[in-house]
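Trainee: no sequence for this one, just the structure:
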């Protein structure tokens, strides 16, 4: 290229000089050939004048040649027109005045690198002065040039609308267009000026150069140099012009040197010392320095757009990518040293930058960049001969402030803290698009004492995430970047392991939109979360979610959210799509308070919360779902010990107020506590704070059951209504699951209509109102065999009654109707029909206190012939008492009734075959018997408490069924049948009282209990 431009200069000069000779020729063809020959010989290139050549004398001597071709050392040029003119009067003066040499629309094509220029300008000048004859070279070419310029004045040498191309095996590629150049040397003791402009890949470059005066430079003495470069659009915001000035000198070896110069970047100045060494491989050396450099003006926005040419948009601007190949033609060494580099409040100290270009290999190194408490160093290298070039390097930092570093880069990030990194990088190309497509990084970075502000969250306490140390590891952009460490949020610590592809993260962060693929594992004491999907910066997530917490209510309260008070354990595992206005899920497994389900659904955020879903349950326990404790079956030991009511638990249905739901339920088992029906398919509907669940007729404990449940949380206290019907259910397992009651068997037919309200389970039980009708068939009452009681009446009278769960009283039918009020279910129409026993009775079940109190009046017949007879079949009645807790009730016969009617008792004993005459029971029990015998003794013992000094069991205890359990209090009698202590004392004979008060220590110990001892005495 250097040789080409020298040829152009010589060509223009020769055209002007030839005007002195050519007018003497008549033939235009000869003139054209002769001019081409002389120009070719003078420039050492091949020049062809293929078009007409026109001459003019007035007002100036001028020549115009069209369609000119030039070829020299791998450079060709096609020129539409070449024009030259000189002042006629200067032909006879000592000073030749060249007015103009103009090349119009030249197309210059570079085919290969040009060799060094062997021919000098003085040779060209010598040839032109001699009319093309070769002159011997002078020792100092600059002296000849000085001599020529002393005798000449050049107003203008110009190029108009030129094009510069590069040609290789693939064809020609345009490098620059609209090339304009103007050179003026009006006086050797004056100023040489050069102005040039060209368009390179969407950007217009304007260069001006001035050397003043020119003579010292040509005589190898210092001269003043001024250079200015402008671009449109600008190279960087605030950098609309680059200037350089200083003293330039031409050294003896042909190099140019600038000493004590300045490089002006906008308003900022750097000291400049430079050396340019021409040759086959030119070399450029420069040292730039500044005590302080403020690059804040270069980070401004908006100026680039304003400076664009009319009609040009950013989308059509092409980045300079091919221009870097021009660096392959020379070598360079550049160093930059800045004491303080500032950007607003950010400052960097002791900045040292070096760049080396040798044989096409470029190496750049940032030796040091001190920023606040940390520092940064980096290096980069590439081969500029390759197209496109590949860059690779490394960045090492220590203690960089992240927020300030982002400000330095003109960015804002929601992250503060310090960054330590050791990262390698590589990319191909020099434009932004190529960098994004090809960049790759690998290394480790550590965040220390960092704070992340999560975007989109208004509450500062919710959006702030802190960490002491997080490690970020990148093994290449083909693999996800990994962030792992410990974080703290709202006073709680957690471990986090996040993986995400860096290109997607950078792209989304740069645009402010887009999706970021990620894999996240977060673990803390209160919860565990795993994500695998895509996070949208605008708000939202789509992918897999695995979340679990042992206490959702506490977790929500910690997170500053309400609700979930009745939910402890919660887990979700499935596909989730979250957006600002709601979420949807599918193929999900859920667990709430231990109730597990799977299915799909959607939640629309707002007030109220709208839920629609279809869920499948293996076991849907509504009690556990509402927050009640687990109702797992208790062991026998616990059942016997459980004589008290179940512990009270909070009952909160207020969350129903904020929900509108329609949930399709498909459950293998559905129920409350330990009572389940199923399989069941139904729909749970929640509206206005009320939840309704209708259970169609479903399998239930070997029978069928249908129910309607209503839970109302709209009022000040929750209420529950249950309507149910049961047909053919097995009562034994049902009652065991319902109340842990294990003393009744049979097929159950029942109808319930019950309602209650209260803030706790205890309050709900105490408020229960309603009715219940139950009927058992072909069953038994366990714990007592009433028929056996009568068959062993004497034994019971002598030794007492012992409850045995292996015994039972069978029945064909047992029924009752209950009125429920304040949690107490009362009945007075109990009726039972069995093979040997008929029974009627009354009593109550205290649901809040978990207590039973029933009294049954059986009538025993002598044989099975009474089956199906009237309930009032004649017989002797020994009432059966059922009292105590549901789980462990006492069932025993009340023998005190025998003494209420001695004659009836005697008749009954005879009917059962008891030898009353041998025992002399006629006299003892009949009304006409002798006084002072058994009746007196029994009468004296009735109502009297047992002796505490000898542990003997009283008659009252024996009759009450306590003969085998000495030391326990007798069962309570009905109020209308109890005998007051005062009355018993009045009826007791004196001798019996004295006998009662005598010490018992000397009495012989006998078997059979107190009544047995009495019978032995009678028989003696």
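Mentor: Everything's here; your move. Model, not experiment: these values are computed from the prediction.

Trainee: In the stretch 51-200 of the chain, where is pLDDT below threshold?
Mentor: Counting by pLDDT under 70, the stretch 51-200 of the chain shows low-confidence ranges at 57-58, 88, 90-92, 112-146.

Trainee: any chance you could map the helices in it?
Mentor: Counting by DSSP state H, counting those that start in this stretch, the stretch 51-200 of the chain has helices at residues 121-129, 141-150.

Trainee: just the stretch 351-500 of the chain next, same as before
Mentor: Using DSSP H, counting those that start in this stretch, helices in the stretch 351-500 of the chain cover 402-408, 432-438, 460-463.

Trainee: Dump the ones you listed to JSON lines, plus mean neighbour count and distance to residue 667.
Mentor: Using the backbone N, CA and C atoms, a C-beta is placed for each residue, glycine as well. Formatted as JSON lines, the helices of the stretch 351-500 of the chain follow (neighbours: other C-beta atoms under 10 Å; distance: least, C-beta to C-beta, whole Å):
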{"stretch": "helix 402-408", "mean neighbour count": "18", "distance to residue 667": "53"}
{"stretch": "helix 432-438", "mean neighbour count": "13", "distance to residue 667": "54"}
{"stretch": "helix 460-463", "mean neighbour count": "12", "distance to residue 667": "37"}
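
Trainee: just so I know, which of those lies nearest residue 728?
Mentor: Checking these against residue 728 by C-beta to C-beta gives helix 460-463 as the closest, at 56.5 Å.

Trainee: Could I get the average pLDDT for that closest one?
Mentor: Helix 460-463 carries an average pLDDT of 73.

Trainee: right, and residue 60 touches residue 86 too?
Mentor: Yes: counting by C-beta atoms under 8 Å, residue 60 touches residue 86, with 6.6 Å between them.

Trainee: Among the two, which residue is more densely surrounded?
Mentor: Set side by side, residue 60 and residue 86 show more neighbours around residue 86, with 26 against 17, by other C-beta atoms under 10 Å.

Trainee: Go ahead and confirm the more buried one touches residue 98.
Mentor: Yes: judged on C-beta under 8 Å, residue 86 makes contact with residue 98 at a distance of 5.3 Å.

Trainee: one step back: overlap of the contact sets of residue 60 and residue 86?
Mentor: Shared contacts of residue 60 and residue 86 (C-beta atoms under 8 Å, 6 or more residues apart in numbering): residue 99.

Trainee: which residues in the stretch 251-400 of the chain form strands?
Mentor: Assigned by DSSP state E, counting those that start in this stretch, the stretch 251-400 of the chain shows strands spanning 256-265, 268-277, 283-294, 331-343, 346-358, 361-371, 374-383, 390-401.

Trainee: what does the stretch 701-850 of the chain give?
Mentor: Here the stretch 701-850 of the chain has its strands, by DSSP E, counting those that start in this stretch, at 703-712, 719-730, 744-757, 769-783, 804-821, 824-833, 837-846.

Trainee: contacting residues for the residue nearest to residue 817 when sequence neighbours are not counted?
Mentor: Taking C-beta to C-beta, 6 or more residues apart in numbering, and ignoring the residues beside it in sequence, residue 817 has residue 773 as its nearest neighbour in space, at 4.8 Å. By C-beta under 8 Å, 6+ apart, residue 773 lies in contact with 750-751, 815-818.

Trainee: picking up where we left off before, tabulate the strands of the stretch 701-850 of the chain (JSON lines), appending distance to residue 550.
Mentor: Output for the strands of the stretch 701-850 of the chain, formatted as JSON lines (distance: least, C-beta to C-beta, whole Å):
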{"stretch": "strand 703-712", "distance to residue 550": "25"}
{"stretch": "strand 719-730", "distance to residue 550": "27"}
{"stretch": "strand 744-757", "distance to residue 550": "30"}
{"stretch": "strand 769-783", "distance to residue 550": "37"}
{"stretch": "strand 804-821", "distance to residue 550": "37"}
{"stretch": "strand 824-833", "distance to residue 550": "38"}
{"stretch": "strand 837-846", "distance to residue 550": "36"}
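
Trainee: Quick one, which of the ones you listed gets closest to residue 381.
Mentor: Proximity to residue 381, assessed across the strands of the stretch 701-850 of the chain by C-beta to C-beta, is greatest for strand 703-712 (73.5 Å).

Trainee: could you say what helices and strands the closest one packs with?
Mentor: strand 690-700, strand 719-730, strand 744-757 (3 or more C-beta pairs under 8 Å, 6 or more residues apart in numbering; DSSP states H and E).

Trainee: Okay, buried residues for it please.
Mentor: For strand 703-712, burial by neighbour count (16 or more other C-beta atoms under 10 Å) applies to 703, 705-707, 709, 711-712.

Trainee: just to revisit the earlier point, take the strands of the stretch 251-400 of the chain and write them to a markdown table, including mean pLDDT, mean neighbour count and distance to residue 156.
Mentor: Putting the strands of the stretch 251-400 of the chain into a markdown table (pLDDT from 0 to 100; neighbours: other C-beta atoms under 10 Å; distance: least, C-beta to C-beta, whole Å) gives the following:
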| stretch | mean pLDDT | mean neighbour count | distance to residue 156 |
| --- | --- | --- | --- |
| strand 256-265 | 86 | 18 | 24 |
| strand 268-277 | 88 | 17 | 26 |
| strand 283-294 | 87 | 16 | 29 |
| strand 331-343 | 85 | 17 | 32 |
| strand 346-358 | 83 | 17 | 35 |
| strand 361-371 | 84 | 17 | 38 |
| strand 374-383 | 86 | 17 | 41 |
| strand 390-401 | 86 | 17 | 43 |
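
Trainee: Turn those strands into TSV, including distance to residue 724.
Mentor: Shown next, in TSV, are the strands of the stretch 251-400 of the chain (distance: least, C-beta to C-beta, whole Å):
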stretch	distance to residue 724
strand 256-265	88
strand 268-277	88
strand 283-294	84
strand 331-343	77
strand 346-358	75
strand 361-371	76
strand 374-383	73
strand 390-401	69
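
Trainee: And the ones you listed: which comes nearest residue 738?
Mentor: Checking those against residue 738 by C-beta to C-beta gives strand 390-401 as the closest, at 68.1 Å.

Trainee: Count the neighbours of residue 475 for me.
Mentor: Residues near residue 475, counting by other C-beta under 10 Å: 13.

Trainee: sorry, back to before: of the contacts of residue 773, buried ones?
Mentor: Among the contacts of residue 773, those classed as buried by 16+ other C-beta under 10 Å are 750, 815-818.

Trainee: tally of neighbours for residue 774?
Mentor: Residue 774 has 20 neighbours, counted by other C-beta under 10 Å.

Trainee: swap in residue 671?
Mentor: 23.

Trainee: and it, what element?
Mentor: Secondary structure from DSSP states H and E places residue 671 in strand 670-672.

Trainee: helices or strands next to that strand in the packing?
Mentor: strand 620-621, helix 622-625, strand 675-677.

Trainee: which outside residues touch that strand?
Mentor: Under the criterion C-beta under 8 Å, 6+ apart, residues 617, 619-623, 676-678, 680, 682, 695, 698 lie in contact with strand 670-672.

Trainee: so residue 691 bridges to which residues?
Mentor: residue 686, residue 711 (DSSP bridges).

Trainee: Good, wrapping up.
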